[in-house]
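1. when you get a sec, could you give me coordinates for this:
(2 chains)
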Protein chains: 2
Amino acid sequence: MSEAVITHLVSQRNAILERLKALLRMPSISTDPQFGGGMRDAREFLLGRLRDLGLKNVQAMDGGGHPAVFAEWTGAPGKPTLIVYGHYDVQPADPLELWETPPFEPTERDGRLYARGASDVKGSTTVALESIGAFLTTAGALPCNVKLFIEGEEESGSPSLRTLVDRNRDKLQADAMLSADGARGSTTFPTVGIGGRGLAGLEFTLRTAAKDGHSGRYGGATRNALVEMAALIATLHDHEGRIQVKGFADDAAPITNDARAAAAALSFDERQFYTDIGGLEWGDPAYTVRERTTIRPTIELNGMWGGYTGPGSKTVLPSEARAKITMRLAPGMDPHRAGQTLREHLQSHVSPGVKLTVTTEKAGTPAPTMPEDHPLLLAASRVLERLRGQKPVPIRSGGTLPVSAIFREMLGIDTLAFGLAMPDEDVHAPNEFFRLSSFDEGLRSWPMLLSEIGKLSAADFAPFRHSVPR
Amino acid sequence: MSEAVITHLVSQRNAILERLKALLRMPSISTDPQFGGGMRDAREFLLGRLRDLGLKNVQAMDGGGHPAVFAEWTGAPGKPTLIVYGHYDVQPADPLELWETPPFEPTERDGRLYARGASDVKGSTTVALESIGAFLTTAGALPCNVKLFIEGEEESGSPSLRTLVDRNRDKLQADAMLSADGARGSTTFPTVGIGGRGLAGLEFTLRTAAKDGHSGRYGGATRNALVEMAALIATLHDHEGRIQVKGFADDAAPITNDARAAAAALSFDERQFYTDIGGLEWGDPAYTVRERTTIRPTIELNGMWGGYTGPGSKTVLPSEARAKITMRLAPGMDPHRAGQTLREHLQSHVSPGVKLTVTTEKAGTPAPTMPEDHPLLLAASRVLERLRGQKPVPIRSGGTLPVSAIFREMLGIDTLAFGLAMPDEDVHAPNEFFRLSSFDEGLRSWPMLLSEIGKLSAADFAPFRHSVPR
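-> Modelled structure (predicted):
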């Protein structure tokens, strides 16, 4: 069944690429309110395309924030039902001056498509939905039931996803989730993503005085908010990078020998890892770099600022400093508890009298994972082995799909990450790109996987569905 | 002679105040290139006014940066020649959102004039030049020779002042400098300013990677520029605020018992000091607050920033962090040497592999001071005692007039600060204001002081002129 679909997709390749570029031109930055127009444009574009492709019940699904895009085809009774996941929002594009070509003007160079969101994750999302549509176009039917769910808040931590799922539990019933998000682990051999790290975050302010002062008048006898911020942040890690927050990882699942062996089995080139970013090694030396970035937690400063940051100099004694922190959580860690240990650390280490205010706190998501014998994982392995001549390596990602944790908890289903992005494509940084070779591979692997799932029945998935408290 | 001048000034008080407001409406921020128009407007305004007042050789004096405004009247042979100093540039106005009324829309409230530059130092500069002009208007002559020098780069560290003085050494020959800049030490009793702290500064960048990374992929195993910046800044002081930079203050003049007694004699309300800014005590406990802010050096963070600082969150691992630092220098400290010890400290404390680049470094100025028996100081004391019924307390300022150090070094003259600003007027901060009572007092004290100087001869100043290497 997939042969005709692939032939069709290959014949439409350039038209599909043009549609991807059109989507990339829409600046759908969910975290920044001034990009509401770009969010709306991207959503309308996808709704229109899904209607054109013949999907049913095409709709914007609202949870109080940026709506998700939903569509389904459920004409295969007895067959498995997959939620196919992607997201249409992207990370902020700044610092803009470091982009070689504008972030929202997709540009092909050397077999790569450069644009914010090309790799994360409009490229893979486009491949997924066009593959689904191609079955309907060529055969009038899909090999399994599909519920397409394209989120609008992935890059801002999915704040309204729980509400959205709660309002649409029946529509979202499925046997498993197949995600177009979640990058591959290697540029040279095939991988499938079976889990990630959890995420929690907070933003806080330090205030040392009611107002900024003149450094000539107050300097030397008055606390400086930036100096206080530096002293406080410096208590979070030791010099080698071990987290110093008391109790932070106490509830992390013990790292078994099996888990260490699995991390080691994935050939991971540490030298290349640091070369890709031009960066310096850091972190707890008791763990390998691969372990530090996948199964160990982090406390990371994403932003820190205060005082005068314009051109020239200003002899100001700053009264306020701000910081944004996110935590990556190991399997087992409770996001609320992690945030609480961090807050307690900050409060107990800030200098006496300095006012610490947590201004924003994310609900957070725990780290999700998929069982080794899950039928979706096995099907994906067969497809990739057929296509690439090599069994894929199951990997845990260092990043976080809140949707995986939330769908596991609220819908009882596991997630397989079958995204096409590769680990060096500068997602969340300037000059993000997506390999056109990945785009072309996806136009084969996605139809093949949907066909492979069609060989199974819903009953095959039943043992892997988790009970859900209603 | 000053009676008629004061009568004239008082009759013109409202017109003079309107001219001050016009000057305050011009956003003359010297440190930020986008305010070049405001700088030009303020300069042209002053040049025009000085011509109208009948000063001679009115001109913009160029040193390669923002020109100074110069004018003179030298029709009193044998009498002392004063450089009367002010500046027409102001500090940046941000954070703009904290101003109750716009910074460049001067507003009177409760006997105060609110505007950026009202206190520092367009208010006192206006009083000085209008007082000088009033002698010419009413008597056609001044009691002594005057060279008015209104700088355009005081708030950006006077980068071209040395060049400017070097090009105009002959025009700038004088017996002493009388400065309209340099705030008074008290809101309740009279003071005169006999010196300040020196100033040096630098801006630097830390780079931990070639580019920003995704915190899911790189977090936990890669150095974060913000964490590195925090750790580095945290090494500059101990928890109580003692400077930890090796050798930093080794060349500071010993603090004599006399100096400590002089600092103590100035009744200084520590509680009020901290109440004014709503701030917290800090600094070396071996010194009083007054000593820490006048005769001891500081290392102060004026700005620190990096990573994502926009709305919402961004899971970025930042590769670059920046900081702006200025140092206040005690008498005796060499600015170049101070900067060098700080650079050496930063370089020796930054984590291995992290790239530290000093992007800007100011030439800096040492701390100037005026002898106790200087005729200008004695004349000012007599005038203030007559006007206020109380001998003024000579004070050292915590701030810095680079011009005092440079004129001392290049022209051999000392500076007396006779400014009208008071210490609580939020200079360099939002809602800067100038007391209208100070404005009115200045329209009396300035003509009185010029008349008092007129009772002396140039010969009285000769013993106090320093030799200058040519």
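2. the stretch 201-350 of chain A: strands as residue ranges?
-> With strands called from DSSP state E, counting those that start in this stretch, the stretch 201-350 of chain A shows them at A:213-214, A:298-307, A:316-317, A:320-329.
3. deepest in the core, which of these is it.
-> strand A:316-317 (a mean of 30; mean count of other CB atoms under 10 Å in any protein chain shown). Just so you know, the C-beta spots here come from the backbone N, C-alpha and C atoms, and that holds for glycine as well.
4. may I see the buried residues of stretch A:82-102?
-> A:82-94, A:99 (16 or more other CB atoms under 10 Å in any protein chain shown).
5. and these near chain B, which?
-> A:Gln91, A:Pro92, A:Asp94 (CB under 8 Å from any CB of the partner chain).
6. from what I can see the last one touches B:Gly307, true?
-> Spelled out, it's A:Asp94. No: using CB atoms under 8 Å as the test, A:Asp94 is too far from B:Gly307 to be in contact (10.3 Å).
7. re the thing from before, looking at the ones next to chain B among the buried residues of stretch A:82-102, which gets the smallest pLDDT?
-> Across these, the smallest pLDDT goes to A:Asp94, namely 88.
8. what distance do you get for that residue to B:Pro318?
-> According to CB to CB, to the nearest Å, A:Asp94 and B:Pro318 sit 12 Å apart.
9. need the residues touching each of these two.
-> Common contacts of A:Asp94 and B:Pro318 (CB atoms under 8 Å, 6 or more residues apart in numbering or on different chains): B:Tyr308.
10. tell me the least confident of the buried residues of stretch A:82-102?
-> In terms of pLDDT, the lowest of the buried residues of stretch A:82-102 is A:Asp94, showing 88.
11. quick one: residues contacting that residue.
-> B:Tyr308, B:Gly310.
12. any weak-confidence spans in chain A?
-> Within chain A, the ranges that satisfy pLDDT under 70 run A:1, A:262-263, A:265-267, A:469-470.
13. quick check: most distant residue from the centroid of chain A.
-> A:Arg217 (48.1 Å; CA atoms, centre = their mean).
14. is it correct that that one is in contact with B:Pro423?
-> Yes: taking contacts as CB under 8 Å, A:Arg217 lies within contact range of B:Pro423: 6.2 Å.
15. find the residues that touch each one of those two.
-> B:Ala183.
16. which residue packs closest to A:Gly117, ignoring adjacent ones?
-> A:Val90 (3.5 Å; CB to CB, 6 or more residues apart in numbering or on different chains).
17. from A:His66, how far out is that neighbour?
-> A:Val90 is 12 Å from A:His66, by CB to CB.
18. shared neighbours, the two?
-> A:Ser30.
19. can I get stretch A:106-113 in CSV, CA atoms only?
-> Extracted C-alpha coordinates of stretch A:106-113, given in CSV (Å, rounded to 0.1, in the frame of the first residue of the first chain):
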residue,chain,number,x,y,z
PRO,A,106,13.5,30.1,4.5
THR,A,107,16.7,29.7,2.4
GLU,A,108,18.2,26.7,0.8
ARG,A,109,22.0,26.4,1.0
ASP,A,110,24.1,23.3,0.5
GLY,A,111,21.2,20.8,0.8
ARG,A,112,19.9,22.5,3.9
LEU,A,113,16.8,24.6,4.5
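20. that one near chain B anywhere?
-> No: applying CB under 8 Å from any CB, one finds stretch A:106-113 separated from chain B by no less than 15.6 Å.
21. could you look up the SS state of A:Leu17?
-> Of the three states, A:Leu17 takes helix according to DSSP: H, G, I helix; E, B strand; the rest coil.
22. who's in contact with it?
-> Contacts of A:Leu17 by CB under 8 Å, 6+ apart are A:Leu113, A:Leu436, A:Phe439.
23. quick one: the closest residue in space to A:Val468 that isn't next to it in sequence and chain B, what's the gap?
-> Sequence neighbours aside, A:Gly412 is the residue nearest to A:Val468 in space, at 4.2 Å (criterion: CB to CB, 6+ apart). The gap separating A:Gly412 from chain B is 25 Å, by CB to the nearest CB, to the nearest Å.
24. so A:Gly412 makes contact with A:His466?
-> Yes: look at A:Gly412 against A:His466 with CB under 8 Å: they come within range, at 3.9 Å.
25. which of these two has more neighbours?
-> Using other CB atoms under 10 Å in any protein chain shown as the criterion, A:Gly412 and A:His466 rank with A:Gly412 on top: 16 against 10.
26. who touches the more buried one in this structure?
-> Contacts of A:Gly412 by CB under 8 Å, 6+ apart are A:Arg465, A:His466, A:Ser467, A:Val468.
27. sorry, back to before: need the three-state assignment for the residue nearest to the residue farthest from the centre of chain A when sequence neighbours are not counted.
-> Once flanking residues are discounted, A:Arg217 sits nearest to B:Gly398: 5.3 Å by CB to CB, 6+ apart. Under three-state DSSP, the three-state class of B:Gly398 is coil.
28. what's the neighbour count on B:Gly398?
-> By other CB under 10 Å, neighbour count at B:Gly398 equals 26.
29. roughly how far apart are it and B:Lys362?
-> From B:Gly398 over to B:Lys362 (counting by CB to CB), the distance is 18 Å.
30. got the buried residues for the host helix or strand of A:Ala128?
-> For A:Ala128, the host element (DSSP states H and E) is helix A:123-139. Buried residues in helix A:123-139, counted by 16+ other CB under 10 Å: A:123-138.
31. using PDB, write down the CA coordinates of the helix or strand that it is followed by.
-> Under the assignment DSSP H and E, the closest C-terminal helix or strand after helix A:123-139 is strand A:145-151. Presented in PDB, the C-alpha positions along strand A:145-151 are these (Å, rounded to 0.1, in the frame of the first residue of the first chain):
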ATOM      1  CA  ASN A 145      -6.800   5.300  12.400                       C
ATOM      2  CA  VAL A 146      -5.100   8.600  12.800                       C
ATOM      3  CA  LYS A 147      -5.700  11.600  15.000                       C
ATOM      4  CA  LEU A 148      -3.500  14.500  14.100                       C
ATOM      5  CA  PHE A 149      -2.600  16.800  16.900                       C
ATOM      6  CA  ILE A 150      -0.500  19.800  16.100                       C
ATOM      7  CA  GLU A 151       0.300  21.800  19.300                       C
END
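32. tell me the buried residues in stretch A:175-192?
-> A:175-186, A:190-192.
33. show me these that map onto strands.
-> Of the buried residues of stretch A:175-192, the ones assigned to strands by DSSP state E are A:Ala176, A:Met177, A:Leu178, A:Ser179, A:Thr191, A:Val192.
34. now, which of those lie close to chain B?
-> Near chain B, by the rule CB under 8 Å from any CB, you find none of these.
35. with respect to B:Lys455, which of these is nearest?
-> Comparing these against B:Lys455 with CB to CB places A:Ser179 closest, at 89.5 Å.
36. just checking, that closest one touches A:Ser404?
-> Yes: counting by CB under 8 Å, A:Ser179 touches A:Ser404, with 7.1 Å between them.
37. return every residue with contacts to both of these two.
-> The contact lists of A:Ser179 and A:Ser404 share A:Thr415, where a contact means CB under 8 Å, 6+ apart.
38. next, count neighbours for the closest residue to chain B within the stretch 351-470 of chain A.
-> Nearest residue of the stretch 351-470 of chain A to chain B (CB to the nearest CB) works out as A:Gly399 at 2.7 Å. A:Gly399: 25 surrounding residues under other CB under 10 Å.
39. for it, which non-adjacent residue is spatially closest?
-> The nearest residue in space to A:Gly399 (CB to CB, 6+ apart) is B:Gly216, at 2.7 Å.
40. the one you found reaches A:Pro402, doesn't it?
-> No: with contact defined as CB under 8 Å, B:Gly216 does not count as touching A:Pro402 (11.8 Å).
41. for A:Thr208, give its distance to B:Tyr287.
-> 20 Å.
42. which of the two has more neighbours?
-> A:Thr208 (29 against 18).
43. ok, now which ones touch the more buried one?
-> A:Thr222, A:Arg223, A:Asn224, A:Ala225, A:Glu228, A:Ser319, A:Glu320, A:Gly353, A:Val354, A:Lys355, B:Gly279, B:Leu280 are the contacts of A:Thr208 under CB under 8 Å, 6+ apart.
44. alright, that wraps it up for me.
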